[in-house]
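Asker: Build me a model:
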Amino acid sequence: MAPLSRDTRLLLAGDGLSAVGTGLVLPLLLIYLHQVRHIPLTTTGLLLAVPGVIGLAAVPLSGVALDRFGPRNTLLILMVGMAVAETGLAFVHSPGEAIPVLALLGVVQGATFPAYTVMLATVAGRGATQQRAFAVNFTVVNAGIGTGSVVGGLVVDVHRPVTFMALFLGNAVSFALFAAVIARLPDVRPRREVDAPRGSYRDIAANRPLLLVVFTTLLLALTGYAALDSGLPAYATVVGHVSVRIVALALGVNTALIVVSQLLVLRLVRHWRRSTALAAVGVIWAVSWALFSLCALPGSPGGRDALVFGFAALFGVGETFMAPTVSPLINSLAGDAVRGRANALSSSMYALAFVISPSISAFLISSGLSWLWITGLCLGCCVTVVLSRVLRRRLPLDVDRLADAQPVPEVEPQLA
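Answerer: A predicted model of the protein is given here:
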């Protein structure tokens with residue numbers, strides 16, 4: 001397996017550092033606004049929707065910026081914006097102060113994922129090397145978030161606002177340091193001929209395999225992270241009568257399993273078709289949600305806790321199959337002129353899922369229809385398996401199946 005380049009390792013290290021900062025505050029924003037700044041809970045809920053809505057609107061524009069100004073310049077500006085937003089959060093005291101800060105957070109947060117994805121794909125190269133870079137990145141980010149969460153949990157105290165302020169400022173510093181790392185990387189972009197037409201979202205609409213992958217991404221987001229984020233705590237605590245502490249520990253189990261197993265799974269999937277790896281994600285997640293549903297059955301508290309832990313671990317296995325598959329597949333199918341737009345469109349599927357999923361899961365679970373929610377997730381996972389079979393027929397063979405190692409193409413730098 002070809003080693004990762006120095007620039008790739010530097011980029012991964014910077015992202016890992018920012019992930020530690022993210023972990024410091026990841027579960028704390030609602031608690032901070034409600035319990036520390038004494039903003040009513042209903043108002044806090046509305047405030048927390050601001051970044052998601054604005055981020056969803058900002059993502060398509062980020063794709064245009066990426067294709068026009070390049071991933072390094074775009075990502076550098078976004079990291080500075082993240083540092084400013086996190087600094088602002090440390091000093092908000094009222095909804096009026098929080099809204100502009102959360103709006104800025106939504107703009108930069110929504111655009112960060114596609115910008116970083118394009119940056120990593122550009123720096124790492126193509127083929128098996130790129131696939132490995134995305135797998136390593138997923139491991140590094142999960143390790144960073146887990147580390148930050150432990151530190152944040154040890155430091156935070158709702159009776160001492162300064163502890164929350166310190167964590168938000170620490171997160172701001174992590175983004176500032178990541179910006180410094182990005183500034184040291186070369187502005188590498190494919191050379192574009194002067195008279196070459198600029199890409200547009202119409203080019204993506206004409207690329208049927210790419211559109212199919214994007215739709216599959218939406219399905220994976222709805223049955224994966226968005227459902228995990230909102231449905232896991234609601235179903236486990238309301239229906240399964242599992243304690244909040246067990247839910248928090250289950251997320252720790254999920255992260256730990258990813259860190260331990262990601263590189264082992266990578267050795268397996270690099271010999272597979274990417275469509276096969278997508279099918280594996282659907283199968284594993286369908287089984288994991290079915291296992292999770294059993295915690296609602298009568299039984300001992302210890303048995304229900306074990307089921308939640310088992311679900312979190314099995315779900316993490318599915319994540320390790322997805323990480324080196326979906327983003328590299330998007331970048332393999334997208335041409336250089338629309339790479340930013342393609343990644344932005346893929347990211348918007350996640351943003352859309354995080355807008356849709358919480359309302360659906362909360363409504364069904366609170367209405368006593370949790371079985372319908374679980375059934376829908378399992379069926380959605382099965383549809384992913386079907387779509388992976390369709391992709392197997394439509395993907396070019398050199399995109400669907402990778403050699404164990406492919407040389408990284410030389411790309412001439414183009415000055416902004």
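Asker: switch to C-alpha atoms for all contacts and neighbour counts from now on
Answerer: Fine.
Asker: What are the neighbouring residues in contact with the residue nearest the centre of the chain?
Answerer: By Cα atoms, centre = their mean, the chain has its centre lying nearest to residue 113, at 7.2 Å. Contact partners of residue 113, counting by Cα atoms under 8 Å, 6 or more residues apart in numbering, are residue 347.
Asker: now swap in the one 3 residues further on and tell me
Answerer: If you count contacts by Cα under 8 Å, 6+ apart, residue 116 has them with 71, 75.
Asker: so which strand or helix has it?
Answerer: Following DSSP states H and E, one finds residue 116 within helix 95-124.
Asker: In the stretch 201-350 of the chain, where is pLDDT below threshold?
Answerer: Scanning the stretch 201-350 of the chain with the threshold set as pLDDT under 70 gives 244.
Asker: What segments of it are helices?
Answerer: Counting by DSSP state H, counting those that start in this stretch, the stretch 201-350 of the chain has helices at residues 201-205, 208-223, 225-234, 244-269, 274-293, 301-322, 326-333, 339-366.
Asker: circling back to that earlier point, list the buried ones in the next helix or strand after the helix holding residue 116?
Answerer: Per DSSP H and E, helix 95-124 leads on to helix 127-155 as the next helix or strand towards the C-terminus. Within helix 127-155, the residues scored as buried using 16 or more other Cα atoms under 10 Å are 127-149, 151-152.
Asker: what does stretch 369-385 give?
Answerer: For stretch 369-385, burial by neighbour count (16+ other Cα under 10 Å) applies to 370, 373, 374, 377, 378, 380, 381, 382, 383, 384, 385.
Asker: Looking at those, which is nearest residue 259?
Answerer: Nearest to residue 259 among the buried residues of stretch 369-385 is residue 381, at 23.6 Å by Cα to Cα.
Asker: now the residue lying closest to the closest one once chain neighbours are set aside: how far from residue 340?
Answerer: Spatial nearest neighbour of residue 381, excluding adjacent residues (Cα to Cα, 6 or more residues apart in numbering): residue 282 at 4.5 Å. Going from residue 282 to residue 340 by Cα to Cα, to the nearest Å gives 27 Å.
Asker: and if you look at residue 117?
Answerer: In terms of Cα to Cα, residue 117 sits 9 Å off from residue 340.
Asker: higher neighbour count, the two?
Answerer: The residue with more neighbours, out of residue 117 and residue 340, is residue 340; 32 against 22, by other Cα atoms under 10 Å.
Asker: how many other residues sit next to the spatially closest residue to that one that is not a sequence neighbour?
Answerer: Counting by Cα to Cα, 6+ apart, residue 340 lies nearest to residue 63, which is 4.4 Å off, once chain neighbours are set aside. Neighbour count for residue 63, taken as other Cα under 10 Å: 28.
Asker: got it, and residue 126?
Answerer: Neighbour count of residue 126, defined by other Cα under 10 Å: 21.
Asker: In contact with residue 51, which residues?
Answerer: 102, 103, 104, 105, 106, 107, 109, 110.
Asker: could the helices of the stretch 201-350 of the chain go into a markdown table alongside distance to residue 68?
Answerer: Formatted as a markdown table, the helices of the stretch 201-350 of the chain follow (distance: least, Cα to Cα, whole Å):
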| stretch | distance to residue 68 |
| --- | --- |
| helix 201-205 | 13 |
| helix 208-223 | 21 |
| helix 225-234 | 30 |
| helix 244-269 | 33 |
| helix 274-293 | 29 |
| helix 301-322 | 29 |
| helix 326-333 | 17 |
| helix 339-366 | 9 |
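Asker: Relative to residue 20, which of those helices is closest?
Answerer: Proximity of these to residue 20 was assessed by Cα to Cα; the nearest stretch is helix 244-269, lying at 13.2 Å.
Asker: got the buried residues for the closest one?
Answerer: Applying a neighbour-count criterion of 16+ other Cα under 10 Å, one finds 246-247, 250-259, 262-263, 265-266, 269 buried in helix 244-269.
Asker: give the contact list for residue 319.
Answerer: Listed by Cα under 8 Å, 6+ apart, the contact set of residue 319 reads 258, 281.
Asker: how near is it to residue 120?
Answerer: 19 Å.
Asker: before we move on, what about residue 371?
Answerer: Distance from residue 371 to residue 120, by Cα to Cα: 40 Å.
Asker: just residue 312 next, same as before
Answerer: Applying Cα to Cα, the value for residue 312 to residue 120 is 28 Å.
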